[in-house]
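A.B. asks: Kindly generate the corresponding structure for this input.
(2 chains, ligands or ions: 2)
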Amino acid sequence: MATGGEKKRRPSDRTAPRVEAAKRVVRAAAQVRRRARGGEAGRAIVPPQTVAGRALVSVVAIMCFLACLAVGALSVVREAAHDWQVDISREATIQIKPIGTTGMEMRLARALSLARETSGVRSARLVDERESTALLEPWLGQGLDLSSLPVPRLVVVELEDPASADLSGLRAKLAQEVEGAMLDDHAVWAARLRTMAGGVVLVGVGVVVLVLAAMVLSIVFATRAAMAGNRDVIEVLHFVGAEDPFIAREFRRHFVVLGLEGGSVGGAAALALFGLGDLLLRSGRGDPLGDQAQALFGGFSIGWSGFFGVIAIVALVTALTGITSRATVLGHLKRLE
Amino acid sequence: MIEFENVGLRYGMGPEVLSDLTFDIAPRSFQFLTGPSGAGKTSLIRLLFLSLKPTRGLIRVFGRDTARVGRGELPALRRRIGVVFQDFRLLDHLTTYENVALPLRVAGQEEASYRADVVDLLDWVGLGERMHAMPPVLSGGEKQRAAIARALITRPEILLADEPTGNVDPPLAKRLLRLFVELNRLGTSVLIATHDLALMEQFDARRIVLAERRIEIYE
Ligand SMILES: Nc1ncnc2c1ncn2[C@@H]1O[C@H](COP(=O)(O)OP(=O)(O)OP(=O)(O)O)[C@@H](O)[C@H]1O
Ligand SMILES: [Mg+2]
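C.D. replies: Residues are numbered from 1 along each chain as shown, chains lettered A, B, ... in the order given. Ligands and ions are numbered 1, 2, ... in the order given. Next up is the predicted model:
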């Protein structure tokens, strides 16, 4: 399974920009936090200590972490599935069934040359008996003499470009000229893989949605609690002519900070976990388990799409805290009358 | 500018606290609202600035029937009314300065545009030194003056003050009354709820007397 060389960048190339981006997020959070605390815009009208801070940050951090894990897993599975799909659709197999006891070598040679003549085929290769034995070993055990068994033989056809290769032409010719030959273009496998990957993506998206929904609900409760604790403040604000959006803004600014804080912690934890997994996998290369995982996932690395997925989740979490708290305040104020 | 017609008020299922109130408050007028404790002065003030709805009768504020004022229009109307609450209603976690500036901040004004005005007003009510103190460490009289300053900072068209001299000594009460009178001269209608007879004797003005749920007016 060739995973392509473009993925094997040095680790430092990859982590440096991420570390930079993480630093930038932390700096921005600190700034927003200073603003919410007062400073140039004046002290917060809703006192920060009346908003259930630590507890909510923890909830948001955990939810964001889980959502990021789901996104990371999605990204790993999707990339792996894509790689597999490219790999298997770049190949086709000609299977030649034994008929009688002779003529196999001749038919193999004919199939091989037909395959090589087909347009869009890069190479065709005979899977020799030793290789066939190795392939069957897990099922049939060691010390097997294939020549005594009616085992089909394989020709592996590597395609230049799966889209333009004339596989149907090859199939027709094989049917005409080589008895017992069957061309498998791996389309069934590719389709199955696509379905599976699609299923995994769907489940992952479902998990993300559920986790975020749970987070939104906890923000609703926290906002209601903060409003109940600040009933006097809200009343005074109404008396001095505050409009509902102003009051909502005063609450929201706390929640945005909490959301950004929790989101950053959760996102950073998820990235750290991904980095750790990546590192373990790299150090494990060479031993069988590591190789197996490497073969499966082409490296545990979540790649840039996963990294940006995590950033997007953090941004989404922050935005959701803001939107939710604002909507909760506005809804609650409307019901006050 | 404010008209009451046969207004009645009861809290919940209780008896009527106010009955058949019919009167009006003219622009640029000055009046005391008086009556024994529990007569309903605070309740009447809450009716005046739309924090309570009458159980019957009609109240018109700035020409608007309050029964028809929607939630969205309340803030705009309230910004034209300054209120000094009997219990001050200052926010304990903001400084005196920030409390007084609150109505301006709520109206969306930039701090740079009002800072000097707020400081001037604080000096005027004698709180210049206490500007950065929080209400919990202010004396009763200082809180009272902070509450008055907050009600005045937006230059409201009408000022409703509930016992604004309840916590200050007579000389300061006299000074605050002069402040209200001055404000009235500049064009603001003033209504002061008080049961301080000495205070009312210092300035000859219309008196609205609440007794037995009803009002009598002495021009
Ligand atoms: N929120 C309320 N719920 C029920 N009853 C109330 C409420 N507020 C006031 N009352 C009642 O209404 C009556 C008038 O009260 P109000 O506070 O208006 O009197 P007041 O004239 O301001 O008295 P004081 O001079 O002591 O301030 C009182 O009997 C009081 O118990
Ligand atoms: Mg009262």
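A.B. asks: Close to ligand 2: what parts of chain B are there?
C.D. replies: Applying Cβ under 5 Å from the ion, we find that chain B lies next to ligand 2 at B:41-42, B:86. All C-beta atoms are positioned from the backbone trio N, CA, C, and that covers glycine.
A.B. asks: Export those residues to TSV and append columns for secondary structure.
C.D. replies: Formatted as TSV, these follow (DSSP: H, G, I helix; E, B strand; the rest coil):
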residue	secondary structure
B:Lys41	helix
B:Thr42	helix
B:Gln86	coil
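A.B. asks: Closest to B:Gly72 out of the residues you listed?
C.D. replies: B:Thr42 (26.4 Å; Cβ to Cβ).
A.B. asks: With B:Arg214 as the reference, measure out to the closest one.
C.D. replies: Note on B:Thr42: its distance to B:Arg214, by Cβ to Cβ, to the nearest Å, is 17 Å.
A.B. asks: Next up, the contacts around the residue in the stretch 101-250 of chain A positioned nearest to ligand 1.
C.D. replies: For the stretch 101-250 of chain A, the residue closest to ligand 1 is A:Glu235, as judged by Cβ to the nearest ligand atom, at 12.5 Å. Going by Cβ atoms under 8 Å, 6 or more residues apart in numbering or on different chains, A:Glu235 touches B:Arg89.
A.B. asks: For the helix or strand where it lies, list every residue counted as buried.
C.D. replies: A:Glu235 belongs to helix A:231-239 when elements are defined using DSSP states H and E. For helix A:231-239, a neighbour-count test (16 or more other Cβ atoms under 10 Å in any protein chain shown) marks A:233-234, A:236-239 as buried.
A.B. asks: mind listing the helices for chain B?
C.D. replies: Here chain B has its helices, by DSSP state H, at B:41-48, B:74-78, B:96-106, B:111-124, B:140-152, B:170-185, B:197-201.
A.B. asks: helices or strands up against the fourth one?
C.D. replies: I take that to be helix B:111-124. For helix B:111-124, the elements it packs on are helix B:96-106, helix B:140-152, judged by 3 or more Cβ pairs under 8 Å, 6 or more residues apart in numbering or on different chains; DSSP states H and E.
A.B. asks: closest to ligand 1 out of the ones you listed?
C.D. replies: When these are compared by Cβ to the nearest ligand atom, helix B:140-152 sits nearest ligand 1, at 14.2 Å.
A.B. asks: Show me the contact partners of that closest one.
C.D. replies: Outside helix B:140-152, the residues within contact range by Cβ under 8 Å, 6+ apart are A:240, B:82-85, B:88-90, B:96, B:99-100, B:102-103, B:118, B:121-122, B:124-127, B:130, B:133, B:135, B:138, B:159-161, B:164-169, B:172, B:176, B:179, B:183.
A.B. asks: could you give the mean pLDDT of that helix?
C.D. replies: Per-residue pLDDT over helix B:140-152 has a mean of 92.
A.B. asks: next one: stretch B:95-107
C.D. replies: Stretch B:95-107 carries an average pLDDT of 94.
A.B. asks: what's the answer for stretch A:212-226, then?
C.D. replies: For stretch A:212-226, the mean pLDDT works out to 93.
A.B. asks: Just the buried residues of it, please?
C.D. replies: Across stretch A:212-226, burial judged by 16+ other Cβ under 10 Å covers A:212, A:215-216, A:218-220, A:222-223, A:226.
A.B. asks: Could you do stretch B:28-39 as well?
C.D. replies: For stretch B:28-39, the buried set under the neighbour-count rule, 16+ other Cβ under 10 Å, comprises B:29-35, B:39.
A.B. asks: Just the closest of these to chain A, please.
C.D. replies: B:Leu33 (18.4 Å; Cβ to the nearest Cβ).
A.B. asks: before we move on, back to that, the buried residues of stretch B:28-39 in strands, which ones?
C.D. replies: Counting by DSSP state E, these place B:30-34 in strands.
A.B. asks: Adding distance to A:Thr195 and pLDDT, write these out as a markdown table.
C.D. replies: Below are those laid out as a markdown table (distance: Cβ to Cβ, whole Å; pLDDT from 0 to 100):
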| residue | distance to A:Thr195 | pLDDT |
| --- | --- | --- |
| B:Phe30 | 83 | 95 |
| B:Gln31 | 82 | 95 |
| B:Phe32 | 84 | 95 |
| B:Leu33 | 79 | 94 |
| B:Thr34 | 84 | 93 |
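A.B. asks: how many neighbours does B:Gly126 have?
C.D. replies: Counted with other Cβ atoms under 10 Å in any protein chain shown, the neighbours of B:Gly126 add up to 15.
A.B. asks: got the contact list for it?
C.D. replies: Here B:Gly126 is in contact with B:145, B:172, B:175 (Cβ under 8 Å, 6+ apart).
A.B. asks: what's the spacing between B:Glu212 and B:Pro36?
C.D. replies: Here the criterion is Cβ to Cβ. By it, B:Glu212 lies 10 Å from B:Pro36.
A.B. asks: Poorly predicted segments of the stretch 101-250 of chain A, please.
C.D. replies: Applying pLDDT under 70 to the stretch 101-250 of chain A flags residues A:101-102, A:143-148.
A.B. asks: Any idea which residue of it lies closest to ligand 2?
C.D. replies: Of all residues in the stretch 101-250 of chain A, A:Phe239 sits closest to ligand 2, at 15.3 Å by Cβ to the ion.
A.B. asks: hang on, isn't that residue packed against B:Phe49?
C.D. replies: Yes: counting by Cβ atoms under 8 Å, B:Phe49 is a contact partner of A:Phe239 at 7.5 Å.
A.B. asks: Spit out the residues that contact those two alike.
C.D. replies: With Cβ under 8 Å, 6+ apart as the test, A:Phe239 and B:Phe49 both reach B:78, B:83.
A.B. asks: hang on, the earlier thing: after the helix holding A:Glu235 comes which helix or strand?
C.D. replies: The C-terminal neighbour of helix A:231-239 among helices and strands, as given by DSSP H and E, is helix A:244-283.
A.B. asks: for that following helix, packing partners?
C.D. replies: Contacts defined by 3+ Cβ pairs under 8 Å, 6+ apart place helix A:244-283 against helix A:11-37, helix A:53-89, helix A:187-229, helix A:231-239, helix A:288-297, helix A:303-336.
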